[in-house]
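Student: Give me the fold of what follows.
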Amino acid sequence: MLYIPDFAYENHFVYKIKEGDTLKKVAEQLEVDSYSLRSYHNMRCPLDDLIEADFKPHLKFLIIESEESKIARETHRENVHFANNFKLPFTPQGLNTNYLAMYTMENGEEQHTVKEEINVKFINKDKNDFSLIEINRISQVYIDGKEADTMADELAEKTAKVFYPLQVVIDPKGELVSIYNYEDIRNRWQKVKRKVLKDFQGEVLHEALLKFEDRLQNDEIIFDSLSKDWFLKVFFNSLNIEYTQNLTIQQVIEFPISQKTGNVSFTAEQTILPTLDAYNLINITQTGILSDLRSKNDFENNLLFPEDDSEDNNAEKAEGSYTAYYFLDPNTNVLESVYLECEIKLDIPQKLTVVISNIEENAKLNLSSNFSFLDEEITEKKSSIFKLFLEVITGR
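Tutor: From the prediction side, this is the model:
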């Protein structure tokens, strides 16, 4: 029988956290990038000790890299392997990984955190280099550290199970372009619906379920909603593209900060480092500023489109920022971990922080094929049914 010893901080090189310490302060003190510091600790610590926005109150030790290890890594850094013309290929064959995803939503002083565990598995690749990837939720959804404890949240979670496992088609740039198993989703609905009706009652619920069921019949509604899901949006974020010779490009990134804002446009600079970092990972950074056509007043009034998009519009422009630090596995060029933060500076500021980390290494599978996942007429589309159904139930 294989024996796996219990985790102990004594077996690691650690920093003892003192009263008043923050991740940023310790990073400055140790002269290490805070995102790398977080990533190094999170890949080695127990699940309860994962660092999110900052240290947890109970955390006593921070796992850090020793100087000897750092020097050894620095002297043996490998180059990132590009295809022709500095293209970072998307090669997910063998991917079968569990991730912990944490979303922290801030609306002024109000703050909520949602956590879930997701498995991402490679299924196949077709003749056009499109990949079929399966997404499966493997845990309960935790809201502020607890399982769903309101009827709306519990109902939304139970209903969202209809979408998993979800199979998505990813293009060679690493971007979501289609849902593959629409019929599987619709076929699962009757079973999920019976379960929901058994656990919940009420005329309002019945009407909401009918509305939800009607939306499930429309592929476009399902795709539009799922393509705004935070996990899918962050994981498949067009990282596997052709970079310029200086390894930097500029592009517009659309990101759904909240249901009320919908997709928000940021003009961002995306940069990839030419060598692997000290932890043998590919580093990609996205930094940008708000470039949405909506004014500050439009955002304050939760408008999805600008009220006045004429050239002589004198409305006050909204300000905001977008930052993402991606760490990719150099063998697959697929996400290992990411820290993403975007905000809009309103009278009541809106901010979203997303942290996704690899939490387990699973058995790997390698399949290939020469058929196509996409009909010829399917084109790329640019938002979660989970959130959509929650909106239907609560009226938010």
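Student: tell me the secondary structure for G288?
Tutor: Assigned by DSSP: H, G, I helix; E, B strand; the rest coil, the conformation of G288 is strand.
Student: mind checking how far it is from T353?
Tutor: Distance of G288 to T353, given as CB to CB, to the nearest Å: 16 Å. (Glycine included, C-beta is placed from N, CA and C.)
Student: Now E220: which helix or strand?
Tutor: helix 219-226 (DSSP states H and E).
Student: elements contacting that helix?
Tutor: Counting contacts by 3 or more CB pairs under 8 Å, 6 or more residues apart in numbering; DSSP states H and E, helix 219-226 packs against strand 176-179, helix 182-199, helix 203-216, helix 385-394.
Student: list the helices and strands the next helix-or-strand element following that helix packs on?
Tutor: Under the assignment DSSP H and E, the closest C-terminal helix or strand after helix 219-226 is helix 230-235. If you count contacts as 3+ CB pairs under 8 Å, 6+ apart, helix 230-235 packs onto strand 96-107, strand 110-125, strand 248-258, strand 334-345, strand 350-361.
Student: could you redo the last one with a cut-off of 6 Å?
Tutor: Secondary-structure packing of helix 230-235 (3 or more CB pairs under 6 Å, 6 or more residues apart in numbering; DSSP states H and E): strand 334-345.
Student: Direction included, what does the strand it packs on pair against?
Tutor: strand 319-329 (antiparallel), strand 350-361 (antiparallel) (DSSP bridges).
Student: Quick check: buried residues in it?
Tutor: Buried positions in strand 334-345, judged by neighbour count with 16 or more other CB atoms under 10 Å: 334-344.
Student: now it and strand 110-125, what's the angle there?
Tutor: Going by axes from the mean of the first three to the mean of the last three CA atoms, to 10 degrees, strand 334-345 is angled at 150 degrees with respect to strand 110-125.
Student: circling back: out of the strands paired with strand 334-345, which comes closest to E175?
Tutor: strand 319-329 (13.9 Å; CB to CB).
Student: Just the buried positions in the closest one, please.
Tutor: Quick answer for strand 319-329 (16+ other CB under 10 Å): 320-329.
Student: cool, and stretch 146-166?
Tutor: 148, 152-160, 162-166.
Student: ok, and what's touching whichever strand or helix holds S265?
Tutor: Secondary structure assignment for S265, by DSSP H and E: strand 262-272. Strand 262-272 is contacted by residues 243, 247-250, 252-257, 284-288, 290-292, 304, 322, 383 when judged by CB atoms under 6 Å, 6 or more residues apart in numbering.
Student: Distance from that strand to the middle of the chain?
Tutor: 14 Å (CA atoms, centre = their mean, to the nearest Å).
Student: For G288 and T353, work out which one has more neighbours and name it.
Tutor: Neighbours were counted for G288 and for T353 using other CB atoms under 10 Å; G288 has more, 22 against 19.
Student: hang on, isn't Y339 packed against Y325?
Tutor: Yes. Counting by CB atoms under 6 Å, Y325 is a contact partner of Y339 at 4.8 Å.
Student: overlap in contacts of the two?
Tutor: Y35.
Student: who does the nearest residue to Q140 once chain neighbours are set aside bridge with?
Tutor: The spatial neighbour of Q140 that comes closest, neighbours along the chain excluded (CB to CB, 6 or more residues apart in numbering), is E147 at 5.3 Å. In this entry, E147 is beta-bridged to Y142, by DSSP bridges.
Student: So in terms of bridging, what pairs with the residue nearest to F231 when sequence neighbours are not counted?
Tutor: Spatial nearest neighbour of F231, excluding adjacent residues (CB to CB, 6+ apart): A101 at 5.2 Å. With DSSP bridges as the criterion, A101 is bridged to E116, I356.
Student: end to end, how far does stretch 248-268 reach?
Tutor: The straight-line separation of the ends of stretch 248-268 (CA to CA, to the nearest Å) is 10 Å.
Student: my bad, should have said stretch 47-62
Tutor: End-to-end for stretch 47-62, by CA to CA: 13 Å.
Student: buried stuff in that stretch?
Tutor: 49-53, 55, 59, 62.
Student: Show me where the chain dips below the pLDDT cut-off.
Tutor: Within the chain, the segments meeting pLDDT under 70 span 1-6, 72-76, 148-152, 309-313, 360-396.
Student: Pull the contacting residues for L335.
Tutor: So L335 contacts 235, 328 (CB under 6 Å, 6+ apart).
Student: same check, this time on E242
Tutor: 85, 87.
Student: thinking A83 is in contact with F90, fair?
Tutor: No. Contact criterion CB under 6 Å: A83 and F90 do not qualify, at 10.1 Å.
Student: So which of the two has more stuff around it?
Tutor: Applying other CB under 10 Å to A83 and F90 shows that F90 carries more neighbours, namely 24 against 12.
Student: can you give me the helices in the stretch 1-150 of the chain?
Tutor: With helices called from DSSP state H, counting those that start in this stretch, the stretch 1-150 of the chain shows them at 23-30, 34-42, 67-74.
Student: Can you say which of those helices is nearest to R188?
Tutor: helix 34-42 (33.3 Å).
Student: Which neighbouring elements make contact with that closest one?
Tutor: Using 3+ CB pairs under 6 Å, 6+ apart, helix 34-42 sits against helix 23-30.
Student: Need the residues that contact the helix it packs on.
Tutor: 34, 37, 54.
Student: and the second one, what is it in contact with?
Tutor: Right, the one you point to is L37. A27.
Student: and what of the first one?
Tutor: Residues touching S34, when contacts are defined by CB under 6 Å, 6+ apart, comprise 23-24, 27.
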